[in-house]
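In: I would like to see how this sequence folds:
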Amino acid sequence: MQDMGRVMLRKSVWLLILVFFALQMLFLAKHKPLMWDEGTYIGMGKYLFSSGNIGLWEEIRPYGLPVVLGFLWKIGLSSILWYRLLAVLFAAGAVYLVFRIGDELVGETFGLFSAVLLAFSPLFFSSAPDIMTDLPSVFFSLAAVYFFLKGNMHVSGLFAFLAFFFRFPHFMVAVSIVIACFFTKDALGRASRFLLPFVFLMGVFFAVNFWAYGDMAKPLFSAASHQGNEVYAVDGVWDNFAYYFLKVPLQNIFLIFFLPGMVFSLRDRRFFVLSIAAFFYILYFTVIINKQERFLLSFLPFLVILSAFWAWHSYKLIKMKLKLSFVVFAVCLGFVLAVGFLGAYWKIEGHYKWLLDEEPEVQGVYAFFSSVNGTVLTSDPVFSAYSDTAKFLHYYSNPYDSFGEYEASKGRADYVVYTPDFYPCGEFGPDCELKKHMLFERINAENVLVLDRTVEGRRFYIFERKTI
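Out: The predicted model follows:
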């Protein structure tokens, strides 16, 4: 009978993934404009697999996702729908790995409960189709933790590197696993077996950087500068400290229990790796200036499992000692879960209504270079996602550096794209807007305007280089 129950629970997780995938297909049937970062990663993939003749390159980005997207592009699976389907598969894989981790730590019921919590957290669910590094890298970080728990340290080291290769802050999962090794038997042996593939692959990564840039750590230093991006800064010490703590309950009010879950994990060393990882991720993303809700995705699965651990541990403790209190506990827990999942449903439904029934009008502008052979100097990387013939150079760091970037690259450009919103000045004062205006005036004076169009509140200018 017990074996039958295990089989049923294992089938239930596949049913969960099937439901998750089917719902995602409903969302994919609608349309969503490509985001800035999505366009960048697609352009980088084309750049890699065309030997730099097509697409766009940003040295600030990790290589993992561009490699995968570029491979799909090279074999002919180049539509945005294919890219989004791949993203959903990574998300479904993350849900499955949360189940397997929960099963390994406690049991199938615990694992299934944790997987449901993750799958229908609004941020996770709505981000699943995004062509971003967040969820693929989370998939690999969860795989690293799972194989650590299974004792397969070489494979754990491989997946820890892949997590980093897709998103640099996931270096913390490697740090967390190494620290967790020292709370287990054969600590040095386990740590060494983990580090062998991880360090070797990091060496390859640094060698590639040195070959490409003449600096083995250039992408890391470039990415580190983005940590201080003031466009996404939050005012006030308290608001910075509390930013992610306040975002967590918006996913599901039940997740506030990750903190007592971390405390309870002190009684069970198997959970140490999750608590250590959660601590380092929260510390890192709290300390850096750049605050974005989507960064929560990097450590949300760990918070989900720790919250579920609090519920499971409390359930055992109260049921054994205080039967009357157990009834009260069960009722309160059920109420919190009901409120949490109802709130998640409203958020997910709201996201569905936000999606478009028709292709976004702006896509017509982005397709301007779809059959253009030439070099385009652009302030918006999304153009590169819609062209399989043009090479794109960017000049959108900020209004102060972009002037110099334009001057350095304009001689190679056949076209120039200017978008006034490439850098939101906001609180940075009139000097910021003045710099943008001066840049536009210089571009306008040196090139011929061939398109001036406003779409969905955004203005696009496309210039062609003057011919003498």
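
In: Quick check, pLDDT for residue 375.
Out: Looking at residue 375, its pLDDT reads 96.

In: which is the next helix or strand following the biggest helix by length in the chain?
Out: Using DSSP state H, we find that the single longest helix of the chain is helix 323-354. In the C-terminal direction, the helix or strand that comes right after helix 323-354 (DSSP states H and E) is helix 362-366.

In: in that following helix, what counts as buried?
Out: Going by neighbour count (16 or more other C-beta atoms under 10 Å), the buried part of helix 362-366 is 362, 363, 365, 366. (Each C-beta comes from the backbone N, C-alpha and C, glycine too.)

In: send the alpha carbons of the helix or strand harbouring residue 443 over as CSV?
Out: Here residue 443 is covered by helix 430-446, with elements defined by DSSP H and E. Taking C-alpha atoms only, helix 430-446 is exported to CSV below (Å, rounded to 0.1, in the frame of the first residue of the first chain):
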residue,chain,number,x,y,z
PRO,A,430,18.0,68.1,-16.5
ASP,A,431,21.7,67.4,-17.4
CYS,A,432,20.8,63.8,-18.3
GLU,A,433,18.0,64.9,-20.8
LEU,A,434,20.3,67.6,-22.2
LYS,A,435,23.0,65.0,-23.0
LYS,A,436,20.4,62.8,-24.8
HIS,A,437,19.1,65.8,-26.8
MET,A,438,22.7,66.7,-27.8
LEU,A,439,23.3,63.1,-28.9
PHE,A,440,20.1,63.2,-31.0
GLU,A,441,21.0,66.5,-32.6
ARG,A,442,24.4,65.1,-33.6
ILE,A,443,22.9,62.0,-35.1
ASN,A,444,20.3,64.0,-36.9
ALA,A,445,22.9,66.4,-38.4
GLU,A,446,25.2,63.6,-39.6
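
In: tell me what that helix is packed against?
Out: helix 399-409, strand 415-418, strand 458-465 (3 or more C-beta pairs under 8 Å, 6 or more residues apart in numbering; DSSP states H and E).

In: and residue 249, what does it touch?
Out: Contact partners of residue 249, counting by C-beta atoms under 8 Å, 6 or more residues apart in numbering, are 255, 256.

In: Could you export the helices and strands packed on helix 430-446 to CSV, including columns for mean pLDDT and mean neighbour count?
Out: Conversion of the helices and strands packed on helix 430-446 to CSV gives the following (pLDDT from 0 to 100; neighbours: other C-beta atoms under 10 Å):
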stretch, mean pLDDT, mean neighbour count
helix 399-409, 88, 16
strand 415-418, 96, 26
strand 458-465, 94, 18
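
In: and the helix holding residue 443, what's its mean pLDDT?
Out: Regarding helix 430-446, the rounded mean pLDDT is 90.

In: helices or strands up against the very next helix or strand once past that helix?
Out: As assigned by DSSP H and E, the chain's next helix or strand after helix 430-446 is strand 447-455. Judged by 3+ C-beta pairs under 8 Å, 6+ apart, strand 447-455 is in contact with helix 362-366, strand 458-465.

In: out of the helices and strands packed on helix 430-446, nearest to residue 298?
Out: Put simply, out of the helices and strands packed on helix 430-446 the one that sits nearest residue 298 is helix 399-409, at 27.8 Å, with distance taken as C-beta to C-beta.

In: before we move on, back to that, which neighbouring elements make contact with the longest helix of the chain?
Out: Using 3+ C-beta pairs under 8 Å, 6+ apart as the contact criterion, the elements in contact with helix 323-354 are helix 2-28, helix 122-127, helix 237-251, helix 300-321.

In: do you know how far the spatially most central residue of the chain is from residue 348?
Out: Most central residue of the chain, judged by C-alpha distance to the mean C-alpha position with C-alpha atoms, centre = their mean, is residue 134 at 1.5 Å. Going from residue 134 to residue 348 by C-beta to C-beta, to the nearest Å gives 17 Å.

In: Same question for residue 331.
Out: 26 Å.

In: Mind checking which of those two has more residues around it?
Out: For residue 331 versus residue 348, the count of surrounding residues by other C-beta atoms under 10 Å is larger for residue 348: 18 against 10.

In: Could I get the contacting residues of the more buried one?
Out: For residue 348, the contacting residues are 120, 122, 125, 126, by C-beta under 8 Å, 6+ apart.

In: Repeat that for residue 158.
Out: Counting by C-beta under 8 Å, 6+ apart, residue 158 touches 197, 198, 201.

In: Narrow those residues to those in helices?
Out: Helix and strand membership here follows DSSP H; of the contacts of residue 158, those in helices are 197, 198, 201.

In: what about the closest residue to the first one other than its chain neighbours, helix or strand, and which?
Out: The reference is to residue 197. If you skip the residues right next to it in sequence, residue 197 has residue 157 as its closest partner in space, 4.0 Å away by C-beta to C-beta, 6 or more residues apart in numbering. Per DSSP H and E, residue 157 falls inside helix 153-166.

In: Check the gap between residue 145 and residue 271 for me.
Out: Counting by C-beta to C-beta, the gap from residue 145 to residue 271 is 11 Å.

In: Same drill for these two, tell me which one is more crowded.
Out: Neighbour comparison, residue 145 and residue 271: the larger count goes to residue 145, with 29 against 23 (by other C-beta under 10 Å).

In: For the more buried one, give its distance to residue 67.
Out: As it turns out, when the distance is counted by C-beta to C-beta, residue 145 lies 23 Å from residue 67.

In: neighbours of residue 336, just the number please.
Out: Residue 336: 16 surrounding residues under other C-beta under 10 Å.

In: Count the neighbours of the closest residue to residue 356 other than its chain neighbours for me.
Out: Here the nearest residue to residue 356 in space, its sequence neighbours aside, is residue 31; by C-beta to C-beta, 6+ apart that works out to 4.2 Å. Other residues near residue 31 number 13, with proximity taken as other C-beta under 10 Å.

In: quick one, phi/psi of residue 31?
Out: In terms of degrees, to the nearest 10, the main-chain angles of residue 31 are phi -120, psi 140.

In: Same check on residue 425?
Out: Torsion angles, degrees, to the nearest 10, at residue 425: phi -70, psi -50.

In: same thing with residue 76?
Out: The phi/psi pair for residue 76 (degrees, to the nearest 10) reads phi 100, psi 0.

In: Could you count how many residues lie near it?
Out: The criterion is other C-beta under 10 Å. On that basis, residue 76 has 8 neighbouring residues.

In: Can you give the distance from stretch 330-340 to the centre of its chain?
Out: A distance of 30 Å separates the C-alpha centroid of stretch 330-340 from that of its chain, computed with C-alpha atoms, centre = their mean, to the nearest Å.

In: Export it to CSV, keeping only CA atoms.
Out: What follows is stretch 330-340, C-alpha atoms only, in CSV (Å, rounded to 0.1, in the frame of the first residue of the first chain):
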residue,chain,number,x,y,z
ALA,A,330,-4.3,22.9,10.5
VAL,A,331,-7.1,25.4,10.2
CYS,A,332,-4.8,28.4,10.3
LEU,A,333,-2.4,26.8,7.8
GLY,A,334,-5.2,25.9,5.4
PHE,A,335,-6.5,29.5,5.6
VAL,A,336,-3.0,31.0,4.9
LEU,A,337,-2.6,28.6,1.9
ALA,A,338,-6.1,29.4,0.6
VAL,A,339,-5.3,33.1,0.8
GLY,A,340,-1.9,32.6,-0.8
